[in-house]
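Colleague: sequence first, predicted coordinates after that:
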Amino acid sequence: MSNSTIRVSESLMAELQRAADVEQRSPEEVVEDAVERYLRLSRRKRLYAYGEGQAERARIEEEDVPAFVKEIRRDTSARSR
C-alpha cells in the first residue's frame, strides 16, 4: 500500500475520526473505502452517460428496451442450443 498525504479541513478530519471510531476502523480504512466507492460511482455515471448517448444516437426510447432485451435473450438462447 502506498503511503500518501491528503490534506483535509480540521472539521472534516474530526468527523472522519469520529466515523472511524464508531466503526472501529482506522481513518485510512474509512478514506480508502470512501475513495473506492466514489471511483465506482464515477465510472458508473460515465457508463450511464455513454449508454444514454448511444441510445439517443440510435433513437432508442426507454419503452423500447424491454423488446430489445427479449430479442437478445431469444437470440442468445437459440445460439446456445
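Modeller: Received the coordinates, thanks. For clarity, every value in this text was computed on a predicted model and none was experimentally measured.
Colleague: any idea how far residue 66 is from residue 60?
Modeller: Per CB to CB, to the nearest Å, residue 66 is found 12 Å from residue 60. C-betas here are computed from N, CA, C, even on glycine.
Colleague: same deal with residue 69?
Modeller: On the measure of CB to CB, residue 69 and residue 60 end up 12 Å apart.
Colleague: which one of the two has more residues nearby?
Modeller: A side-by-side neighbour count of residue 69 and residue 60, using other CB atoms under 10 Å, places residue 60 first with 14 against 10.
Colleague: what number of residues lie near the closest residue in space to the more buried one that isn't next to it in sequence?
Modeller: Excluding the flanking residues, the one nearest residue 60 by CB to CB, 6 or more residues apart in numbering is residue 68, at 7.3 Å. As a burial measure, residue 68 scores 11 neighbours (other CB under 10 Å).
Colleague: same thing with residue 17?
Modeller: Per other CB under 10 Å, the neighbour tally for residue 17 reads 13.
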